[in-house]
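Colleague: Fold the stuff below for me.
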Amino acid sequence: MSTSSSTLAPTTNSVELEQPRSGTWDGGNEPFKASYGKLMMWFFLLSDAFTFAAFLTTYGMIRHRNPVYVGDVKDFEFSTAYWPIPEKVFNAFPGFHGQDLPLAFVALMTMILIFSSVTMVLAVEAGHRMDKNDVQKWLLWTILFGATFLGSQAWEWSHFISGHEEGTLMSDGTIFHGANLTMNQYGPVLFGDLFFFITGFHGTHVFSGVCLLVWAFIATTNGTFEKRGHYEMVEKIGLYWHFVDLVWVFVFTFFYLV
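Modeller: Numbers count the residues shown, from 1 in each chain. Model prediction:
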């Protein structure tokens, strides 16, 4: 018996128990000190960035294939024969009917989104301090800026659809005002299609962001995040909101400036 015990002992000791995995990307860890929720938000934003990049690349390729207007800008007239000059299309401003204000209203919309990013940063910072009142205040400001941007975009769409008063002579001999998915006073049909699709897709993101902000404001008011002991959800919504604002900068650059 003693011989058998001495034989088994080394075998038992040679078995190495599996140690808990503690690598950076193993379960139960927070790589780069980012929680699971924030990491998934970053993955979503990355995939969404690819989608917007594809849309803007498509816009660039289609524009490159269409002829451009050659001549003095002051002599420019709308025509389906060439790509329009953006500052001639988007030159209207609410309350200033008939005045030529190139890109003034779009610049105002951009500033509104930039201000909303600032208030969102302040809301996240207040969450880190566990200051419920400040989180409420800055979330409310962000909601107001986001809603104002959506209202401004609705006005811009309505003006784009109704068109300029002079209209454009189409190939069938009729005068057409504004734009839809099949006809366009400003230039090639694809110009209007891309405008509706890209700005509409971005506007959908802004609308989703405003809905999330309203929910976060209600949850903050009800003390939901205080009970959790953190305001991480506000931080995750903030990541989404900053992404939406950043994408608008690219849309503004590609569609309105280039």
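
Colleague: rest of the way, CA atoms for contacts and neighbours
Modeller: Noted.

Colleague: Now do the strands in this protein.
Modeller: For the chain, the strands defined by DSSP state E cover 168-169, 175-176.

Colleague: Let's have those in a markdown table, adding distance to V251.
Modeller: Output for the strands of the chain, formatted as a markdown table (distance: least, C-alpha to C-alpha, whole Å):
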| stretch | distance to V251 |
| --- | --- |
| strand 168-169 | 26 |
| strand 175-176 | 27 |
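
Colleague: most neighbours per residue, which of the ones you listed?
Modeller: strand 168-169 (a mean of 18; mean count of other C-alpha atoms under 10 Å).

Colleague: So what are the sheet partners of that strand and their directions?
Modeller: When pairs are called by DSSP bridges, strand 168-169 turns out to pair with strand 175-176 (antiparallel).

Colleague: Identify the residues contacting the strand it pairs with?
Modeller: Here strand 175-176 makes contact (C-alpha atoms under 8 Å, 6 or more residues apart in numbering) with G167, T168, L169, M170, M183, N184, Q185.

Colleague: Name the nearest of the residues you listed relative to Y240.
Modeller: Using C-alpha to C-alpha, N184 is the member of these that lies nearest Y240, at 33.6 Å.

Colleague: What separation is there between the closest one and F55?
Modeller: N184 sits 20 Å away from F55, taking C-alpha to C-alpha, to the nearest Å as the criterion.

Colleague: So which of those two has more stuff around it?
Modeller: N184 (26 against 16; other C-alpha atoms under 10 Å).

Colleague: Per-residue pLDDT of that one, please?
Modeller: N184 is assigned 87 on the pLDDT scale.

Colleague: Contact partners for it?
Modeller: Contacts of N184 (C-alpha under 8 Å, 6+ apart): T80, F176, H177, G178, F191, G192.

Colleague: Mind putting these into CSV with distance to M41?
Modeller: What follows is the contacts of N184, written out as CSV (distance: C-alpha to C-alpha, whole Å):
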residue, distance to M41
T80, 42
F176, 45
H177, 43
G178, 39
F191, 32
G192, 32
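
Colleague: which of these lies closest to P86?
Modeller: F191 (10.3 Å).

Colleague: What's opposite I175 in the beta bridge?
Modeller: Going by DSSP bridges, I175 forms beta bridges with L169.

Colleague: how near is it to W141?
Modeller: On the measure of C-alpha to C-alpha, I175 and W141 end up 44 Å apart.

Colleague: wait, K38 sits on K236?
Modeller: Yes. Applying C-alpha atoms under 8 Å, one finds K38 in contact with K236, separated by 6.0 Å.

Colleague: Okay, now the unreliable bits of this structure?
Modeller: For the chain, the stretches flagged by pLDDT under 70 are 1-32.

Colleague: now the helices for it?
Modeller: 2-14, 36-65, 86-89, 104-128, 132-162, 189-221, 224-228, 232-251 (DSSP state H).

Colleague: Please convert these to JSON lines, extending it with distance to F96.
Modeller: As requested, those are exported to JSON lines (distance: least, C-alpha to C-alpha, whole Å):
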{"stretch": "helix 2-14", "distance to F96": "86"}
{"stretch": "helix 36-65", "distance to F96": "30"}
{"stretch": "helix 86-89", "distance to F96": "15"}
{"stretch": "helix 104-128", "distance to F96": "11"}
{"stretch": "helix 132-162", "distance to F96": "13"}
{"stretch": "helix 189-221", "distance to F96": "23"}
{"stretch": "helix 224-228", "distance to F96": "45"}
{"stretch": "helix 232-251", "distance to F96": "25"}
